[in-house]
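[1] Following is a predicted model, sequence given first.
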Amino acid sequence: MSKDNHFFMREPWTYDPEARPKKRDDGEQGFNTRALHAGFHPLGDLEPYRSFVPPITQSMTFPYKTFDEIPCPVYGRTRTPTNTLLEERLASLEGGEACITAGSGSQALFNLIFTIARPGDNVVTSLNVFGEGYKQAATIFPERCQVDFRFVQDPGNPDSWDALIDEKTKLVWVETPSNPCLFITDIAAIADVAHAHNVPLMVDNTTATAALQTPMDLGADIILLSITKFLAGNATVIGGAIVGPEDLVEDIRWNTTEFIGSVVPPLEAWMTLQYLETLAMRMQRHSSNAQAIAEYLKGHPGVAHVNYSGLPDHPQYDLAAKQMKAHGGLLSFVVKNGKAGAAAVMNAFKLVVHAVTFGTSKTICMHPATITHEHMTPAERAEAGIDDGLIRFSVGLEDPDDIIADLEQALSK
Ligand SMILES: Cc1ncc(COP(=O)(O)O)c(C=O)c1O
């Protein structure tokens, strides 16, 4: 990643349909090696730091040596050394050219759209997106910036995406597996559709993470990440990131982040670097635990429906198996009696915690219809599969039998 582009006003990025991500120097290394070394290596960086662990540079301004020599970094709103290490590591894990972090995943989405779309432009997506993203798409951008969002009718069918893209489309946005209903979208097929219109494809890789799915290998141009979830993995950090072409990343940095703010502070960047070292192992255990829980729930008489792409009756089971290494730690299920039924089960949990996030080491549950997707109309929620009895369940790293025992007693109440 070039660290020289610290010009304050850069030309806006334009998508080049011919350009594929440049091959990274560390592209031949395995995922776990990159998770431990990308951006900082104790021997490679021996002279400046003499440290085995990446340093925390807890400074938000950086001295000028001479009057007209702009230092890089110059000010903490655009870049800090520890955050730069994190950006390099995230870019490496996703296989992208560059990365810019943001104060949350929602902010990263906002920064991306705000950077690439102008009044009159549009973005094509589906209702299978996280709640805050839906709110940005349904009201914030259309009402405040005149950027329109189009929601495809049949997200499993590439033609449905094709039908909504026109010459004013600046981005196609796919979230897969989606939160909260674990809908799987065919990344390679939608990349082909977007590219046929010379439009970039952005994939939100928050629920799978690069440990389980690398959308750039399937044709995605841009990746959206919430660091808050599995990447950090224990609810101690809030942050987000965009991985993509370096010119886009620097456009976001110098035309949006620099003027609007919202950064990952050095300590949080450093903590995330530590957590990423174990991402692949954690995702494996989240996935095997979630598989066991999904199978248990599937056979329970109190459960009307289970969403988990590791279950053979999931409508996109084969597609998920093709584009993911494992099915991840997030699932959702519908209990009887709608909201009252969900409340009864959630109130009865003794081990599982009711809280707003997912991707944590401890198992968490949440009620999407009232907490994250309450801005959707009831008809949109129905279309997206967000039943009033739906409980989002983020399976942690506990012993699976203990999670099942808690479910058993809560579902029997
Ligand atoms: C798939 C997905 N992407 C992005 C975000 C936004 O992340 P954050 O909570 O860091 O703003 C979320 C939040 O729930 C999410 O579920």
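    Here it is on my side, so go on.
[2] Look up how far residue 355 lies from the nearest residue to residue 228 once chain neighbours are set aside.
    Using C-beta to C-beta, 6 or more residues apart in numbering and skipping residues adjacent in sequence, the residue nearest residue 228 is residue 238, 4.8 Å away. (C-beta placed from N, C-alpha, C; glycine too.) Distance of residue 238 to residue 355, given as C-beta to C-beta, to the nearest Å: 13 Å.
[3] next one: residue 157
    Shown here: residue 157 relative to residue 355, a distance of 36 Å by C-beta to C-beta.
[4] ditto for residue 225
    21 Å.
[5] okay, the two: which has more neighbours?
    Per other C-beta atoms under 10 Å, whichever of residue 225 and residue 355 has more neighbours is residue 225, with 28 against 14.
[6] Just confirm the more buried one contacts residue 243, I think it does.
    Yes. Applying C-beta atoms under 8 Å as the test, residue 225 and residue 243 come out as touching, 7.0 Å apart.
[7] what residues are shared contacts of the two?
    90, 94 (C-beta atoms under 8 Å, 6 or more residues apart in numbering).
[8] Just give me the neighbour total for residue 168.
    For residue 168, using other C-beta under 10 Å, the count is 13.
[9] Outline the domain layout of the chain.
    Annotated domains of the chain cover 31-276, 280-411 [automatic domain parsing].
[10] How about the last one and the ligand, any contact?
    Which is domain 280-411. No. Using C-beta under 6 Å from any ligand atom, domain 280-411 never reaches the ligand; the gap is at least 6.6 Å.
[11] first to last residue in that domain, what's the distance?
    With C-alpha to C-alpha, to the nearest Å as the measure, domain 280-411 spans 32 Å from end to end.
[12] do the longest one as well
    Across its full length, domain 31-276 reaches 11 Å end to end, with C-alpha to C-alpha as the criterion.
[13] and that domain, average pLDDT?
    Over the span of domain 31-276, the pLDDT mean works out to 96.
[14] Distance to residue 11 added to the domains of the chain, as JSON lines?
    Converted to JSON lines, these look like this (distance: least, C-beta to C-beta, whole Å):
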{"stretch": "domain 31-276", "distance to residue 11": "8"}
{"stretch": "domain 280-411", "distance to residue 11": "35"}
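[15] Of all the ones you listed, which one is nearest residue 21?
    Proximity to residue 21 (C-beta to C-beta) singles out domain 31-276 among these, at 5.3 Å.
[16] Wasn't residue 275 part of a helix?
    Yes. Secondary structure of residue 275 (DSSP: H, G, I helix; E, B strand; the rest coil): part of a helix.
[17] Now for it: which residues touch it?
    For residue 275, the contacting residues are 231-234, 237, by C-beta under 8 Å, 6+ apart.
[18] Highest neighbour count among those residues?
    Neighbour tally across the contacts of residue 275 (other C-beta under 10 Å): the maximum, 28 neighbours, falls on residue 231.
[19] Buried residues of stretch 395-405, list them for me.
    395-398, 400, 403-404 (16 or more other C-beta atoms under 10 Å).
[20] avg pLDDT for that stretch?
    Mean per-residue pLDDT for stretch 395-405: 98.
[21] Distance check, the residue of the stretch 151-300 of the chain found nearest the ligand against residue 397.
    Nearest to the ligand, among the residues of the stretch 151-300 of the chain, is residue 226, at 3.0 Å (C-beta to the nearest ligand atom). Per C-beta to C-beta, residue 226 is found 19 Å from residue 397.
[22] With residue 350 instead?
    For residue 350, the distance to residue 397 - C-beta to C-beta - is 18 Å.
[23] for residue 149, same thing?
    36 Å.
[24] With residue 146 instead?
    Applying C-beta to C-beta to residue 146 and residue 397 gives a distance of 45 Å.
[25] What of residue 286?
    Distance, residue 286 to residue 397, by C-beta to C-beta: 7 Å.
[26] do residue 380 as well
    According to C-beta to C-beta, residue 380 stands 34 Å off from residue 397.
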